[in-house]
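Trainee: All I have is the shape, not the residue letters:
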């Protein structure tokens, strides 16, 4: 892979960092929002779920547009929504306003995530594709870690709204970077051949130190419109429904952990800054786990590796919910949960990039993550409801660890020949 390809993978990594900041800032500021407005756990769960509802809508409505109007255009639309939602969240004066702007922010995040994985796959060679797609997903927890350290410092000094203001400014900066540096992907130019496709393609080939071409390949005679039903063609049907089920249950547990771990730590007696660092430990584990997953995938295989990570994650969560832990052990166990839960779950992204060809890649990615987001919406709200109902921590962690086994089993049984 040449320097230009590596640069584009790096841009995708930074964009995913930005999404990690935008999603997790609400978790890190949840206790302060609760204190200011006197929210119950159920009401705070709705704040978490509002952003996730927006992400779900973005996965269905915006992400598939990457296969029709282009990956770059979807990046621009999505980052505009994220920037607006975060900046407006920094000036809210009422609970309902925060709910609305979390939906707007989530809409942009849902639109961008599927296209990040597609672009990383399309600018990578076959040897490094699984690693680069996995590495891009590791940018998300890095952003979450940075958000954790920043909020631990800024919120006590400037209030929780300052975190949303800075996150909005970071999103605005990334929007400028896309406008200046991000080209359309070669795969999209060849598959859809938009206006000036040949000119754009040759410009891209020059930047990649490859020979230019005189003409584009002929488009197939039949219509090339991408439809969601293409995901259920005989070649993809079995893989599609397993991906949808696996991602649904994986998201259910993953987003519950990301949303509630800092708040639970604070309720256990930790001061605000240490409770925030607990969230950072979760994401540090996710980064290391995602990076290691990418390195191991080529040797072990995506299906087997996801299953292995999920089984170990199940046992780790049982231990977390059962043991009585001092602060040091709590940090260590939280790191391991992030390592195996999110590290294993992120393996679904290179899996999707392998299963679907370029013509339906962002549609497949967007709809799979869109269906999965229903699990992300249900999880944090359900955890809050069960917690308010008096369910013990041990039982809560048992209940929310079981979906990981389902996710691992679904990944292991994906029949696509592209994963052999």
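Mentor: Everything's here; your move. If you're wondering where the values come from, they're calculated on a predicted model, not measured in any experiment.
Trainee: Geometric centre of the protein: which residue is closest?
Mentor: What sits nearest the mean C-alpha location of the chain, by C-alpha atoms, centre = their mean, is residue 113, with 5.9 Å.
Trainee: For the helix or strand hosting it, which helices and strands make contact with it?
Mentor: According to DSSP states H and E, residue 113 maps onto helix 95-122. Secondary structure elements in contact with helix 95-122, counted by 3 or more C-beta pairs under 8 Å, 6 or more residues apart in numbering; DSSP states H and E, are helix 3-28, helix 41-61, helix 71-89, helix 129-158, helix 186-192, helix 348-355, helix 361-388. Any C-beta I mention is one placed from the backbone N, CA and C, and that applies to glycine too.
Trainee: now, of these, which is deepest in the fold?
Mentor: Ranked by mean neighbour count under mean count of other C-beta atoms under 10 Å, the helices and strands packed on helix 95-122 are led by helix 348-355, which reaches a mean of 27.
Trainee: for the residue nearest to the centre of the chain, what are its contacts?
Mentor: 16, 19, 55, 59, 63, 365, 369 (C-beta atoms under 8 Å, 6 or more residues apart in numbering).
Trainee: pLDDT score for the closest residue to the first one other than its chain neighbours?
Mentor: Using C-beta to C-beta, 6 or more residues apart in numbering and skipping the chain neighbours, the partner closest in space to residue 16 is residue 139 (3.5 Å). Note for residue 139: predicted pLDDT of 85.
Trainee: What of the one 4 residues further on?
Mentor: Per-residue confidence at residue 143 stands at 86 (pLDDT).
Trainee: Pretty sure it sits against residue 19.
Mentor: Yes - because the distance of 6.5 Å satisfies C-beta atoms under 8 Å, residue 143 is recorded as touching residue 19.
Trainee: Next, report how far stretch 337-355 is displaced from the centre of its chain.
Mentor: In terms of C-alpha atoms, centre = their mean, to the nearest Å, the centre of stretch 337-355 is set 10 Å apart from its chain centre.
Trainee: First-to-last residue distance for it?
Mentor: 27 Å (C-alpha to C-alpha, to the nearest Å).
Trainee: Just the buried residues of the helix or strand containing residue 259, please?
Mentor: With secondary structure defined by DSSP H and E, residue 259 is part of helix 237-267. Buried residues in helix 237-267, counting neighbours by 16 or more other C-beta atoms under 10 Å, are found at 239-266.
Trainee: now swap in stretch 322-335 and tell me
Mentor: Neighbour-count burial for stretch 322-335, counted by 16+ other C-beta under 10 Å, picks out 330-331, 333-335.
Trainee: Closest one of these to residue 94?
Mentor: When the buried residues of stretch 322-335 are ranked by distance to residue 94 (C-beta to C-beta), residue 334 comes first, at 33.1 Å.
Trainee: and that closest one, what does it touch?
Mentor: Here residue 334 is in contact with 261, 278, 281-282, 285, 320 (C-beta under 8 Å, 6+ apart).
Trainee: now swap in residue 154 and tell me
Mentor: With contacts defined as C-beta under 8 Å, 6+ apart, residue 154 is in contact with 162-163, 166.
Trainee: Kindly reformat those residues as a markdown table containing neighbour count, secondary structure and distance to residue 299.
Mentor: Listed next are the contacts of residue 154 as a markdown table, based on neighbours: other C-beta atoms under 10 Å; DSSP: H, G, I helix; E, B strand; the rest coil; distance: C-beta to C-beta, whole Å:
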| residue | neighbour count | secondary structure | distance to residue 299 |
| --- | --- | --- | --- |
| 162 | 17 | helix | 45 |
| 163 | 25 | helix | 40 |
| 166 | 19 | helix | 40 |
